[in-house]
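> fold the following.
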Amino acid sequence: MDNSYIYEIKEAITHGGVFHSDDVFSTAFLQILNPELKVKRLMQVPEDFDGLVYDIGLGRFDHHQKDRKVRKNGIPYAAFGLLFEEFGTLVMSEEDAKEFDETFIQPIDKSDNTGSFWMICDIISDFNPDWIGNQDRDEAFWRAVAVAKEILVNKFRQINANRKAYYMVKEEVDACTGPVLELSKTIPWQDAVKGTDILYVIYESERGGYNVQTVRVDGEEREKKPFPESWRGKPADFLQKVTGVSGITFCHNSGFLCACKTIDDARAIAKLAVEA
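Here you go, the predicted structure:
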């Protein structure tokens, strides 16, 4: 079935009572897809209801039945994961949807199914009224949904912007003939240089001037070729003297970044680093 049917659905039902990150993020996600969707919180699904039902009713988008769906890695789906599996490619590419499920949704699904701790789940649960006050639980639920919606909107925006950046940088990577890549525009570049021989990337800094940044070893938290130990954390006048480059102003103490005044200064630093 074409998953665009979500745009035609008018009503949805999820469970009432205490809420969790699963039903909160599910609701936020559905209302991002279809802002006109009206969601009701009930303890039981009416027999004649023909809208979308999730996290209740033992249907397609529920996970409380005995034969619930489980991922290959052993993490059971919850309603959010089931809904995103169906509709995720409406908001991002298939590749990005897979990664988003792994990094963002699976911890929520796991927490909902097993009670394991995940910070965002704890934050959402705290929207539930405490035993002392008399706050309306449905009102609290919709406040939590508003927060979850903002989180998801920002996530989707960043993911899609990064995907666009990947293709733009990939073109420049393919045209690069040496170990230093000069970006024509300051955009996310890390994914596009994976699996290449590029050691350093030069780009314009938002703080002014230009940065020269090292490239990490694929899948590891270390740099392919960090800047020399003798440069790291030293003051600008020392760096200018030891490198002979008058425009270098900074070298990070961990050796992954240098800042320079001009593009020519950045090129000179990258050249020195390659030859070091």
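> spatially, what comes nearest to Asp138 if we skip its sequence neighbours?
Spatially, and ignoring its direct neighbours in sequence, Asp138 is nearest to Arg41 (5.9 Å; Cβ to Cβ, 6 or more residues apart in numbering). C-beta: built from backbone N, CA, C; applies to glycine.
> that neighbour sits in which helix or strand?
strand 38-42 (DSSP states H and E).
> same check, this time on Thr14
strand 11-15.
> contacting residues around the residue nearest to Asp136 when sequence neighbours are not counted?
Of all residues not flanking Asp136 in the chain, Pro129 sits nearest, at 7.6 Å (Cβ to Cβ, 6+ apart). Applying Cβ atoms under 8 Å, 6 or more residues apart in numbering to Pro129 gives the contacts Gln135, Asp136, Arg137, Ala140.
> okay, now the third one: neighbour count?
Pointing back at Arg137 there. By the measure other Cβ atoms under 10 Å, the count of residues near Arg137 is 14.
> looks like it contacts Val18 (just checking).
Yes. Here Arg137 lies in contact with Val18, judged by Cβ atoms under 8 Å, at a distance of 7.5 Å.
> give me the common contacts of those two.
Common contacts of Arg137 and Val18, defined by Cβ under 8 Å, 6+ apart, comprise Asn128.
> the nearest residue to Phe256 once chain neighbours are set aside: how many residues sit nearby?
Excluding the flanking residues, the one nearest Phe256 by Cβ to Cβ, 6+ apart is Thr214, at 4.8 Å. Applying other Cβ under 10 Å, we find 23 residues neighbouring Thr214.
> in the sheet, who's paired with Thr214?
Bridge pairing for Thr214 (DSSP bridges) gives the partners Tyr200.
> residue ranges of the helices in the stretch 51-200 of the chain, please?
79-87, 94-100, 106-114, 119-125, 137-175 (DSSP state H, counting those that start in this stretch).
> could you export those as a markdown table, including distance to Tyr203 and mean pLDDT?
Formatted as a markdown table, the helices of the stretch 51-200 of the chain follow (distance: least, Cβ to Cβ, whole Å; pLDDT from 0 to 100):
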| stretch | distance to Tyr203 | mean pLDDT |
| --- | --- | --- |
| helix 79-87 | 33 | 97 |
| helix 94-100 | 23 | 97 |
| helix 106-114 | 32 | 95 |
| helix 119-125 | 31 | 97 |
| helix 137-175 | 10 | 97 |
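> so which of the ones you listed is the most surrounded?
Comparing the helices of the stretch 51-200 of the chain by mean neighbour count (mean count of other Cβ atoms under 10 Å), helix 79-87 ranks first with a mean of 23.
> which other helices and strands contact it?
If you count contacts as 3 or more Cβ pairs under 8 Å, 6 or more residues apart in numbering; DSSP states H and E, helix 79-87 packs onto helix 21-33, helix 106-114.
> tabulate those (CSV), appending distance to Asp197.
CSV is the format used below for the helices and strands packed on helix 79-87 (distance: least, Cβ to Cβ, whole Å):
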stretch, distance to Asp197
helix 21-33, 40
helix 106-114, 34
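> of these, which is nearest Lys271?
helix 106-114 (43.5 Å; Cβ to Cβ).
> the strand holding Arg41 vs helix 137-175, what angle?
130 degrees (axes from the mean of the first three to the mean of the last three Cα atoms, to 10 degrees).
> distance from stretch 2-18 to the middle of the chain?
Distance, stretch centre to chain centre, for stretch 2-18: 24 Å (Cα atoms, centre = their mean, to the nearest Å).
> in that stretch, what's buried?
Within stretch 2-18, the residues scored as buried using 16 or more other Cβ atoms under 10 Å are Ile6, Ile9, Ala12, Ile13, Thr14, His15, Gly16.
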